[in-house]
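Asks: return atomic coordinates for the entry below.
(one chain, ligands or ions: 1)
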Amino acid sequence: MAILDGKLVAEKIQEDVRLEVEQLKVGKGVVPGLAVIMAGDDPASRSYVSSKNRLAEKLGIRSELIKFPATATTDEIARVIDEKNGDPLTHAILVQMPLPQPIDPWQVIDRIDPGKDVDAFHPANQGLILQNRGIIFPCTPLGVLRILDHYGIETAGMNAVVVGRSFLVGKPLAAMLTNRHATVTLCHSRTQGLPAILREAGLVVAAVGKPGFVTVDMVKPGAVLIDVGINHIDKEPDFEKFCPRSLHDTFKKKGSVITGDIHYQAFAKAAHYTPVPGGVGPLTVTMLMHNTVDLCKRSISVTNDKK
Ligand SMILES: NC(=O)c1ccc[n+]([C@@H]2O[C@H](COP(=O)([O-])OP(=O)(O)OC[C@H]3O[C@@H](n4cnc5c(N)ncnc54)[C@H](OP(=O)(O)O)[C@@H]3O)[C@@H](O)[C@H]2O)c1
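Replies: Numbers count the residues shown, from 1 in each chain. Model prediction:
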């Protein structure tokens with residue numbers, strides 16, 4: 001079993017992004033600009049947003065955080081999106097999900113200019129991915145593919161099982177793997193006989209949000225395991241159930257640890273696996289920066305084409 005080191009892959013991509021930002025600044029006089037819109041004060045969202053802003057700053061990307069109270073309306077968010085759609089210094093717009101109720105997330109997503117849709121949540125971008133004409137790709141699925149590429153794992157002809165069908169992760173990833181000639185089964189909470197389906201998989205991607213969901217008995221020997229799940233474990237019985245003893249000191253010290261959707265005991269059976277933390281997570285925020293630069297470069301070439 002070999003670890004697929006997401007942190008290492010992310011650092012390599014970050015260096016490429018930093019160089020591209022530098023070239024855009026020097027060569028074109030353009031600084032890629034990312035606008036992050038957040039409503040409410042959800043602690044997890046706050047932490048994601050601040051790590052996005054920190055990384056943007058580190059790579060030389062101009063990032064702006066626009067914060068709304070939890071009482072914000074769909075119209076208020078839409079107005080600021082309209083403003084950023086028309087702002088030539090903003091190349092990428094991200095709306096941090098989930099939005100507090102009763103804000104309508106679909107109205108908000110539909111409002112983003114597809115050419116500035118850094119998360120690729122807009123139906124135009126997701127439709128293009130389905131048609132294998134994708135321009136911009138959601139950060140987490142893109143990160144998963146970049147890990148596989150880095151380690152030379154070929155997906156063509158592979159039997160891939162994706163568990164979780166969200167439009168952020170599972171659905172676009174299933175389409176992207178299909179486009180790369182994998183034979184994909186997309187599973188969800190109504191899937192019947194999931195353990196048997198998983199046992200046939202050469203590649204398993206778990207994006208469920210349930211600790212230790214994929215257990216050792218569900219994994220085929222030699223499979224590649226990609227764990228997207230992020231689960232906070234802060235209770236001793238959960239720790240005993242889902243985490244290895246080697247983390248016990250950390251758990252005691254911090255009061256919590258993060259674990260994925262694939263039970264750690266399954267890793268011993270795998271050919272390759274992504275750990276949690278240090279697997280897919282570092283790629284998600286990194287691909288956001290990659291997409292911001294990509295959208296910036298596209299906007300420059302569109303502007304030049306119009307001249
Ligand atoms: N590492 C990263 O950077 C990153 C990025 C994004 C998300 N995440 C994490 O990935 C996980 C999934 O995120 P998400 O946004 O995709 O979650 P989500 O929108 O809550 O979707 C969860 C999916 O899991 C399925 N599911 C739930 N229970 C199941 C069961 N018993 N059997 C089979 N499928 C089941 C659901 O099925 P139904 O559709 O039938 O309800 C749903 O499709 C979360 O832990 C999240 O924190 C990590």
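
Asks: the residue nearest to the spatial centre of the chain and Trp106: what is the separation?
Replies: Nearest to the geometric centre of the chain sits Thr140, at 2.0 Å (CA atoms, centre = their mean). Computed as CB to CB, to the nearest Å, the Thr140 to Trp106 distance reads 19 Å. In short, each C-beta sits where N, CA and C put it, glycine included.

Asks: host element of Leu177?
Replies: Leu177 is located in helix 170-179, with elements delineated by DSSP states H and E.

Asks: what's in contact with the helix or strand just after that helix?
Replies: Next along the chain after helix 170-179, taking DSSP H and E as the criterion, comes strand 183-187. Strand 183-187 has contacts (CB atoms under 8 Å, 6 or more residues apart in numbering) with 157-165, 170-171, 174, 177-178, 194, 197, 201.

Asks: show me what contacts Ile61?
Replies: 21, 31-34, 289, 292-293.

Asks: er, Val280 actually
Replies: Val280 is in contact with 6, 140, 143-144, 147, 226-228, 274, counting by CB under 8 Å, 6+ apart.

Asks: recalculate using a threshold of 10 Å.
Replies: By CB atoms under 10 Å, 6 or more residues apart in numbering, the contact set of Val280 is 4, 6, 9-10, 139-141, 143-144, 146-147, 169, 205-207, 226-230, 260, 274.

Asks: then Arg79?
Replies: By CB under 10 Å, 6+ apart, the neighbours of Arg79 are 73, 111.

Asks: so Met176 is in contact with Gly134, correct?
Replies: Yes: if you go by CB atoms under 10 Å, Met176 and Gly134 touch, sitting 7.5 Å apart.

Asks: the more surrounded of those two?
Replies: Taking neighbours as other CB atoms under 10 Å, Met176 and Gly134 compare with Met176 leading, 23 against 19.

Asks: state the distance from the more buried one to the ligand.
Replies: Counting by CB to the nearest ligand atom, to the nearest Å, the separation of Met176 from the ligand is 14 Å.

Asks: follow-up on the earlier one: pull the distance from the helix holding Leu177 to the chain's centre.
Replies: In terms of CA atoms, centre = their mean, to the nearest Å, the centre of helix 170-179 is set 13 Å apart from its chain centre.

Asks: tell me which other helices or strands it touches.
Replies: On a contact count with 3 or more CB pairs under 10 Å, 6 or more residues apart in numbering; DSSP states H and E, helix 170-179 meets helix 123-130, helix 139-150, strand 159-163, strand 183-187, strand 203-206.

Asks: how much does that helix deviate in direction from helix 139-150?
Replies: Put simply, helix 170-179 runs at 30 degrees to helix 139-150, going by axes from the mean of the first three to the mean of the last three CA atoms, to 10 degrees.

Asks: can you map out the helices along the protein?
Replies: In the chain, the helices defined using DSSP state H lie at 6-23, 43-59, 74-85, 105-111, 123-130, 139-150, 170-179, 194-199, 236-242, 248-254, 280-306.

Asks: turn those into TSV, including mean pLDDT.
Replies: Shown next, in TSV, are these (pLDDT from 0 to 100):
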stretch	mean pLDDT
helix 6-23	98
helix 43-59	94
helix 74-85	98
helix 105-111	98
helix 123-130	98
helix 139-150	98
helix 170-179	98
helix 194-199	98
helix 236-242	97
helix 248-254	96
helix 280-306	91
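
Asks: quick check: which of those is nearest to Pro211?
Replies: Closest approach to Pro211 among the helices of the chain is made by helix 236-242 (4.4 Å; CB to CB).

Asks: could you dump the closest one to CSV, C-alpha only?
Replies: Extracted in CSV, the C-alpha atoms of helix 236-242 (Å, rounded to 0.1, in the frame of the first residue of the first chain):
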residue,chain,number,x,y,z
GLU,A,236,-13.9,8.9,22.6
PRO,A,237,-16.2,6.1,21.4
ASP,A,238,-16.1,7.5,17.8
PHE,A,239,-12.3,7.8,18.1
GLU,A,240,-12.1,4.1,19.1
LYS,A,241,-14.3,3.1,16.2
PHE,A,242,-12.8,5.1,13.4
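
Asks: other SSEs contacting that helix?
Replies: Packing partners of helix 236-242 (3+ CB pairs under 10 Å, 6+ apart): strand 231-233, helix 248-254, strand 257-259.

Asks: which residues touch the longest one?
Replies: With contact meaning CB under 10 Å, 6+ apart, helix 248-254 is reached by 233-234, 236, 238-240, 243, 245, 247, 256-257.

Asks: so which of the residues you listed comes closest to the ligand?
Replies: Using CB to the nearest ligand atom, Ile233 is the member of those that lies nearest the ligand, at 12.1 Å.

Asks: count of neighbours near that closest one?
Replies: Ile233, neighbours per other CB under 10 Å, totals 20.

Asks: surely it is in contact with Tyr264?
Replies: No: using CB under 10 Å, Ile233 is not in contact with Tyr264, being 11.6 Å away.
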